[in-house]
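Enquirer: A predicted structure for the sequence below; I have some questions about it.
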Amino acid sequence: QQQVKQSPQSLIVQKGGISIINCAYENTAFDYFPWYQQFPGKGPALLIAIRPDVSEKKEGRFTISFNKSAKQFSLHIMDSQPGDSATYFCAANGNQFYFGTGTSLTVIP
Amino acid sequence: DAGVIQSPRHEVTEMGQEVTLRCKPISGHDYLFWYRQTMMRGLELLIYFNNNVPIDDSGMPEDRFSAKMPNASFSTLKIQPSEPRDSAVYFCASTLGGPRYGYTFGSGTRLTVV
């Protein structure tokens, strides 16, 4: 059973555009929701994370929006750049992290 | 800090051979996780340790897989005998205090079994 569902599977965005990746979860006991960024040949790296007591967290061009009642959270990348091209994973914690299936983002110059 | 260190970076082995993957977590971290990543299944948790003790190995696919953590600074994942379907990237990750505080991943070992 997929604990965290992520969409879309792939995303192509023009430079300067907004990239949006969505995730949904089922377990209301989850209390930590990170996003990881992975470049080819590298391990996933923590990008930004949020806890359910806030509805939004912003770090530079990256924003997490969190909707506790809908059990959904999303990553917004503002002013997307070619260097943002990577695979993005959402996750939620229980006694371990449950990862989404990943979104391959390509930012076209 | 050098981060989580995994070795080797790449491993090519013949079916039936024993493979050992190695991981050095970040100093002071008390949790260590082994993940497998494939295109078909994404990131799968294989096993995790807390204070060197295996806590959950329900993700270990078969008895061919085993993992040890003899001390706080070293862990191994062993596959014996290896099969072509074991081909994947294996990641080690560590954290302090548990999953609520985020993981740091190593760069992974790309295993190819031919």
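Expert: On my side now, so go ahead.
Enquirer: Okay, buried residues for stretch B:44-55 please.
Expert: For stretch B:44-55, the buried set under the neighbour-count rule, 16 or more other Cβ atoms under 10 Å in any protein chain shown, comprises B:45, B:46, B:47, B:48, B:49, B:54. All C-beta spots, glycine's among them, are computed from the backbone N, C-alpha and C.
Enquirer: List, one by one, the residues from chain A near chain B.
Expert: Within chain A, the residues that sit near chain B (Cβ under 8 Å from any Cβ of the partner chain) are A:31-32, A:34, A:36, A:41-46, A:49, A:89, A:93-97, A:99-102.
Enquirer: give me that answer again for 6 Å
Expert: A:32, A:34, A:42, A:43, A:44, A:46, A:93, A:96, A:97, A:99, A:101, A:102 (Cβ under 6 Å from any Cβ of the partner chain).
Enquirer: tally of neighbours for residue B:110?
Expert: Neighbours of residue B:110 under the rule other Cβ atoms under 10 Å in any protein chain shown: 16.
Enquirer: still on that earlier bit, tabulate the buried residues of stretch B:44-55 (JSON lines), appending secondary structure, pLDDT and distance to residue B:63.
Expert: As requested, the buried residues of stretch B:44-55 are exported to JSON lines (DSSP: H, G, I helix; E, B strand; the rest coil; pLDDT from 0 to 100; distance: Cβ to Cβ, whole Å):
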{"residue": "B:45", "secondary structure": "strand", "pLDDT": "92", "distance to residue B:63": "18"}
{"residue": "B:46", "secondary structure": "strand", "pLDDT": "95", "distance to residue B:63": "13"}
{"residue": "B:47", "secondary structure": "strand", "pLDDT": "95", "distance to residue B:63": "13"}
{"residue": "B:48", "secondary structure": "strand", "pLDDT": "94", "distance to residue B:63": "19"}
{"residue": "B:49", "secondary structure": "strand", "pLDDT": "96", "distance to residue B:63": "19"}
{"residue": "B:54", "secondary structure": "strand", "pLDDT": "96", "distance to residue B:63": "15"}
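Enquirer: where does the chain dip in pLDDT?
Expert: Here I'm looking at chain A. For chain A, the stretches with pLDDT under 70 are A:1.
Enquirer: The intended chain is chain B.
Expert: Chain B contains residues with pLDDT under 70 at B:1.
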